[in-house]
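J.: just coords:
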């Protein structure tokens, strides 16, 4: 038996945790120190594990001396508890603990003493952890239970109103029942024990049976909503006293989910916290947007604080998070000044467990699959015929292809041979051309099947140790997360490591000292293509991976096409390696004076983060004929190193007091932050051996060495004053005087105030008649203005970059620079001013909760382009504070929490969130009102386009329709039946774009809007008899999407004839037999070349990209406590969960080859302009896991 004497274990863990507190003066960590920290963490875990295996003998070895005559079992148990420090429990209904016995033991072991004392009274025992459990040896023992009795009673509220459905359970036997419609119950229980009365909205009460046959009770309403605390800037507030727009979620949103980042766990759970993951790459991050478009000038996203200090949320272990709070309006965010102008996200990590040392271990194993895999034509001849037809029709049937893109030879004779083989049922094969000696390929290759593995595994291991005593507390956690890549050859690999150690000492009654140190590391290996364009693999497959081509030659060498597509994956020596490491230490001091009315706190943070990205390129071998071996690609290596050093100091004091019904709190503080970034980039060609990628083994003549960096400082003083009268009328004033080095002299400082108020209407006397139904009703209003400090440094300075010349002069490539852009005088801060109105309602004993907010935010003096200037100006048009933006929106949250009281109660809760926002340009330098850029009155995201009017039916239809010659339909621009027909909206008998202005848009109009509208989430949880079930849906209610010209998954052969041929395209093309098809007459390049009919935005192909996604589905089971205690555990839970299991979108009516969240730019780490959808696919994940608590 193991894990018995937990008191010794606590002492051990406390001792291990104490050294963590010595880092309070921590301000810098060297590389050697980092290694020591990691080694200490590893040794800590090792020592704890070893001690677990040896501690069990300690409890049994304790000695007992006891001599009592005519004493009770109760007194004996108390004496044993006193001598051993162990708890003793026994079922009182099973025997009479007052029965008299004689005891005489001297210096006996615990086991010997218990055996001698209990045997005469037919009792036995078991030792579980630090607890001795007494059990009856046989049913006919001398101390048997009293017979069962029927207990009846009535349950009412404080007003005497009967309460139906109240759950009553006997604590010791688990016998349960519920009250009827009159609040009356009846239950058969032993003479002793405790009855537990529970119901949602009321406080749980425990009443001893004590031989009674009638137990009536009045239940008190639960005031949870009144006492619930929410994290706000530099402190906490009771939820009922909040006057700003604040939302908070707990740790439950991260539990039992296979998350590679915190960001992915927050998507969709908080209304108007807008997080979009553009692809499924393990390292993909997203900015945190609060309440829609922020600024079209300097830009801006929400400020993310981790335990009060800015940080990268994706480096935080999701399992360490206790809560996430979003401050949405200016009133709640004003205390953070310019950096909080567009909202603040507060991530609070877990605090040490109270008293008992707790060890928690979680293990999960997952399998990942693509959410959507494109359904493409993969048979050789069908693809070849469409390619040939698309090329020929674009050339008005006057030319046939000579090659399929860059290297694959083509002829009409080859096409005829493909057809013959296809009709004869001859499978794929490789032949040798007798005329040239080169390979000829007759393939039917599914290149995506060759690219992707069937599934990819991932796993997570997490352990945490936490506990506290009267003076000390600690929390230690470690996590390892590994995700295998999606590729079949040389797959990508993701590894993440998180270590956190948090400890505190209550030095005196008024002084508490805390230290929190974390180490986070993310490593990512990713295979890349050896191609000058640095495009992602999906672009090259689209361009060069034709079904008729083959992956390998008969001798096993790569084919010419394969070497271009992903031969660099197979060769294994073309890859990107990323490493992101962070070490952070925060030391905090908490003091309190004047009976806890005055608190003075401070903290200091040192953060060192390093980022390294290395690209290795080596030529890829291939063959075009037997015994002919060639290479393709460049041979070089480059390396980017970035180092970030961040310092932060906060000190603030808070005073609270009450006078009668007058309650107020005042906070005053100071903040200082400093950030330094240093960059270095090195590139050199001719890597001697790709197996040893080091610059000492690179000897090429082309050499690039660049560097850079930046530094900024912000500082500010802030205050907050809260006042409420009788908890009914609420007022709050926030303000901050901010300074930032990012702005020019004379504009570096600004004062940003805010005001808010609330009225708890439900506390008024006139509300009493409906108080039992509408328990809480609060109205809120706020107004505030903040500057935008979330900008890059030096935007207001004239900077000159140094570039290496491509020309060789005097045997070298000299460096050169250019004149900087002109910066106008009088630049100032962008400002965001927000008005917010809100209401919070709780009904039906707080089972139903509703929160609603409406807001309007004006972002003024945005940093955008100035008025057009003549070419003689000689430089780019200078930017200035030339634009204003208005954003209006609202958010709604509805929750329901209840319990169905049966013999085994069913608990359940639901939460639905919905939010919307829309932005309008109010000022912009566009005197001509061009519709190709912003203009006053424009709704951000507008899509201007043509209106489709079907297809041309015949030549007469073409001749009588408005002149459409400006819309290119083929190389010679000869329209034919099946070509698209656009409506002549302005009636001038010419289809064109006019002057592209508001006054003359030609035949265009606003046909849609790409902005995301009506984002929603729905979460439901159920628990019954140790089982739990949870489901979470997330989605977007409205979004228009116009596929760009270079989107092969949507346009297929209309983009490039040789590109991907999606089945939903080739099966729905216009023909005389199919005149109502979705796509027009087949012609290649019409969705690529400038002026092509499919390159224009138009109503026919505008997609409804709204979607609903089953984000998470989980089922769990907690093993019964009686069972797990036998194996000396506190809790054991097994669970199954699925992530991104299902998605549906109206877009699927026309194309099912793209995930609606994966439809925009290509991989930004490679080449984001490589075409829409050319990025890492979204993944669905199935996980089985185990959670153990000791």
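T.: Alright, I've got the coordinates. Because the structure is a prediction, the values reported are computed rather than measured.
J.: Break this protein into its domains for me.
T.: The record assigns the chain these domain ranges, following automatic domain parsing: 62-136, 149-222, 250-351.
J.: Same list, those domains, but as JSON lines with distance to residue 1043 please.
T.: Bear in mind the C-beta positions are built from the backbone N, C-alpha and C, glycine included. As requested, the domains of the chain are arranged in JSON lines below (distance: least, C-beta to C-beta, whole Å):
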{"stretch": "domain 62-136", "distance to residue 1043": "62"}
{"stretch": "domain 149-222", "distance to residue 1043": "49"}
{"stretch": "domain 250-351", "distance to residue 1043": "15"}
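J.: just the ones you listed: most buried one?
T.: domain 250-351 (a mean of 23; mean count of other C-beta atoms under 10 Å).
J.: Mean confidence (pLDDT) on it, please.
T.: Predicted confidence along domain 250-351 averages 87 (mean pLDDT).
J.: next one: stretch 412-423
T.: Per-residue pLDDT over stretch 412-423 has a mean of 96.
J.: Would you confirm that residue 1124 belongs to a helix?
T.: Yes - with DSSP: H, G, I helix; E, B strand; the rest coil as the criterion, residue 1124 is located in a helix.
J.: which ones are touching it?
T.: Contacts for residue 1124 were tallied using C-beta atoms under 8 Å, 6 or more residues apart in numbering; they are 1130-1132.
J.: Repeat the analysis, applying 10 Å as the threshold.
T.: Under the criterion of C-beta atoms under 10 Å, 6 or more residues apart in numbering, the contact partners of residue 1124 comprise 128, 1118, 1130-1133, 1188-1189.
J.: Make a ChimeraX selection of the buried ones in the residues you listed.
T.: To isolate the buried ones among these in ChimeraX, judged by 16 or more other C-beta atoms under 10 Å, type:
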select :128,1118,1130,1132,1133,1188
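J.: what's the most distant pair in the contacts of residue 1124?
T.: Put simply, by C-beta to C-beta the two of these set farthest apart are 128 and 1133, 18.7 Å from each other.
J.: Show me where the stretch 801-950 of the chain has its strands.
T.: Counting by DSSP state E, counting those that start in this stretch, the stretch 801-950 of the chain has these strands, from start to end: 802-804, 815-817, 831-843, 848-865, 879-900, 906-923, 942-945, 948-951.
J.: now for the fourth one, which elements pack on it?
T.: To tie it back to what came earlier, the one meant is strand 848-865. Strand 848-865 sits against strand 246-250, strand 774-787, strand 831-843, strand 879-900, strand 906-923, with contacts defined as 3 or more C-beta pairs under 10 Å, 6 or more residues apart in numbering; DSSP states H and E.
J.: Recalculate using a threshold of 8 Å.
T.: Contact here means 3 or more C-beta pairs under 8 Å, 6 or more residues apart in numbering; DSSP states H and E; on that basis strand 848-865 packs against strand 831-843, strand 879-900.
J.: Including mean pLDDT, could those go into CSV?
T.: Compiled in CSV, the helices and strands packed on strand 848-865 are given as follows (pLDDT from 0 to 100):
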stretch, mean pLDDT
strand 831-843, 95
strand 879-900, 92
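J.: and the ones you listed as CSV, adding mean neighbour count?
T.: Formatted as CSV, these follow (neighbours: other C-beta atoms under 10 Å):
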stretch, mean neighbour count
strand 831-843, 21
strand 879-900, 20
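J.: Tell me which of the ones you listed sits nearest to residue 164.
T.: Closest of these to residue 164 is strand 879-900, at 12.1 Å (criterion: C-beta to C-beta).
J.: Out of the strands of the stretch 801-950 of the chain, which gets nearest to residue 237?
T.: Across these, closest to residue 237 is strand 831-843 (C-beta to C-beta), at 13.4 Å.
J.: the inter-axis angle of that closest one versus strand 246-250?
T.: Interaxial angle of strand 831-843 relative to strand 246-250 (axes from the mean of the first three to the mean of the last three C-alpha atoms, to 10 degrees): 60 degrees.
J.: quick one: average pLDDT of stretch 486-501?
T.: Summarised as a single mean, pLDDT over stretch 486-501 is 95.
J.: Quote the end-to-end distance of that stretch.
T.: Its start and end residues considered, stretch 486-501 measures 34 Å (C-alpha to C-alpha, to the nearest Å).
J.: Which residue ranges of the stretch 1001-1150 of the chain form helices?
T.: The residue ranges that make up the helices of the stretch 1001-1150 of the chain, judged by DSSP state H, counting those that start in this stretch, are 1048-1051, 1063-1066, 1121-1125.
J.: starting at the chain centroid, how far to the last one?
T.: Helix 1121-1125 has its C-alpha centroid displaced from the chain centroid by 35 Å (C-alpha atoms, centre = their mean, to the nearest Å).
J.: Take the helices and strands packed on strand 848-865 and lay them out in JSON lines including distance to residue 501.
T.: Formatted as JSON lines, the entries for the helices and strands packed on strand 848-865 read as follows, by distance: least, C-beta to C-beta, whole Å:
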{"stretch": "strand 831-843", "distance to residue 501": "38"}
{"stretch": "strand 879-900", "distance to residue 501": "35"}
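J.: so which of these gets nearest residue 619?
T.: Nearest to residue 619, of all those, is strand 879-900, at 44.3 Å by C-beta to C-beta.
J.: quick one: that closest one to strand 906-923, angle?
T.: Strand 879-900 and strand 906-923 meet at an angle of 160 degrees, taking the same axes, to 10 degrees as the criterion.
J.: quick one: which of the helices and strands packed on strand 848-865 is nearest residue 1026?
T.: strand 879-900 (15.1 Å).
J.: how much distance is there from the closest one to the middle of the chain?
T.: Mean C-alpha position of strand 879-900 versus that of the full chain (C-alpha atoms, centre = their mean) differs by 19 Å.
J.: Ok, stretch 867-885 next?
T.: A distance of 39 Å separates the centroid of the chain from that of stretch 867-885, by C-alpha atoms, centre = their mean.
J.: quick one: terminal-to-terminal distance for it?
T.: Terminal residues of stretch 867-885 are spaced 18 Å apart (C-alpha to C-alpha).
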